[in-house]
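1. sequence isn't available, so here's the structure alone:
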């Protein structure tokens, strides 16, 4: 049996976080003497001093810093354990928050959500259509249960889901097509590139821009496609979103010497798989099945982290 209880570590953390026994006592609704006794008892049990006076306050000793850092991990794990138990007791979650990068095949997304609605008609779904780092940011904020992203998220494990092909395109009457030859980077730099803005608020990425002399940045892929069809620029766009435009001649692939197509592997990431409720797990499974049966989705065996 452990000599020190989680409650003692919680009291020590409160004293450190709030700068002393008096303030900590107000926050945790204990008397200062109770906190003082708990910390001194902890020191006696461990045989190590964890606090030392610093003016009118106290601060951690070097040993205290090490021990409390480890203890915080225990406290976080204990909180997580209680959260899991609470979710199990409550049963089905009322809402699933899903963040999906706009490049994800729309047919697969619609199929997955339709199947989910049949199984869980009373569970609300919040769908966030993100770009680049936007979904990862929602993971870090803890505001999404599931994220589909082409970017790795530090501290989270991603499951390979699908590979999305991008094609460099422009309207058939765009100036680049009028050159009637193989194109290179210097040709592209002379024309307007359409770029979709990263939806992240804190650390947006500036990906895909070729330093063209003109650049228009939009917030949604649908806007970029509409502008492409109006001969207003060129862009790399997911093939799944422009299949009809390519077929009816509203858009045409650019004849690039290299780089005319790109592959973007996407991954499915849980905010916390151990805490995921039945509805969240079902949504993840429907997304896997939709990708497997969607003709536009190419399964990938590995996603580079």
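-> Structure received. Keep in mind the model is a prediction, meaning the values are calculated, not measured. Numbers count the residues shown, from 1 in each chain.
2. give me the number of residues near residue 253?
-> 15 (other C-beta atoms under 10 Å). From N, CA and C alone the C-beta is placed, and that goes for glycine too.
3. pretty sure it is touching residue 165, no?
-> No. At 11.3 Å, residue 253 does not count as touching residue 165 under the criterion of C-beta atoms under 8 Å.
4. what's the helix ranked longest in the chain packed up against?
-> The residue-count maximum for a helix in the chain (DSSP state H) belongs to helix 62-90. If contacts are counted by 3 or more C-beta pairs under 8 Å, 6 or more residues apart in numbering; DSSP states H and E, helix 62-90 sits against helix 6-17.
5. residue 60 and residue 36, how far apart?
-> 15 Å (C-beta to C-beta, to the nearest Å).
6. got the domain ranges for the chain?
-> Domains of the chain are assigned by the TED database as 6-90, 95-161+265-299, 163-264.
7. just those: most buried one?
-> Comparing the domains of the chain by mean neighbour count (mean count of other C-beta atoms under 10 Å), domain 95-161+265-299 ranks first with a mean of 19.
8. does anything pack onto whichever strand or helix holds residue 165? Which helices or strands?
-> For residue 165, the host element (DSSP states H and E) is strand 158-170. Counting contacts by 3+ C-beta pairs under 8 Å, 6+ apart, strand 158-170 is packed against strand 235-238, helix 239-247, strand 252-253, strand 261-270, helix 278-293.
9. helix/strand/coil for the nearest residue to residue 132 once chain neighbours are set aside?
-> Distances taken as C-beta to C-beta, 6 or more residues apart in numbering place residue 198 nearest to residue 132, at 4.1 Å, with adjacent residues excluded. Of the three states, residue 198 takes coil according to DSSP: H, G, I helix; E, B strand; the rest coil.
10. go ahead and confirm residue 198 touches residue 134.
-> Yes. Using C-beta under 8 Å, residue 198 makes contact with residue 134 at a distance of 6.4 Å.
11. any idea how far the residue nearest to residue 124 when sequence neighbours are not counted lies from residue 123?
-> Residue nearest to residue 124 in three dimensions, not counting chain neighbours: residue 95, with 4.2 Å by C-beta to C-beta, 6+ apart. In this view, residue 95 and residue 123 are 7 Å apart by C-beta to C-beta.
12. please report how far residue 59 lies from residue 53.
-> 8 Å.
13. what about the helices in the stretch 101-250 of the chain?
-> For the stretch 101-250 of the chain, the helices defined by DSSP state H, counting those that start in this stretch cover 106-119, 134-141, 175-178, 185-188, 221-229, 239-247.
14. out of these, which is closest to residue 66?
-> Among the helices of the stretch 101-250 of the chain, helix 134-141 comes nearest to residue 66, with 26.6 Å by C-beta to C-beta.
15. between strand 261-270 and the closest one, find me the angle.
-> 20 degrees (axes from the mean of the first three to the mean of the last three C-alpha atoms, to 10 degrees).
16. show the average pLDDT along helix 134-141.
-> Taken as a whole, helix 134-141 has a mean pLDDT of 91.
17. quick one: contacts of it?
-> Outside helix 134-141, the residues within contact range by C-beta atoms under 8 Å, 6 or more residues apart in numbering are 97, 99-101, 128, 130, 144, 147-149, 151-153, 156, 198-203, 269, 271.
18. angle of it against strand 158-170?
-> If you take the same axes, to 10 degrees, helix 134-141 sits at 150 degrees to strand 158-170.
19. quick one: helix 134-141 to chain centroid distance?
-> 4 Å (C-alpha atoms, centre = their mean, to the nearest Å).
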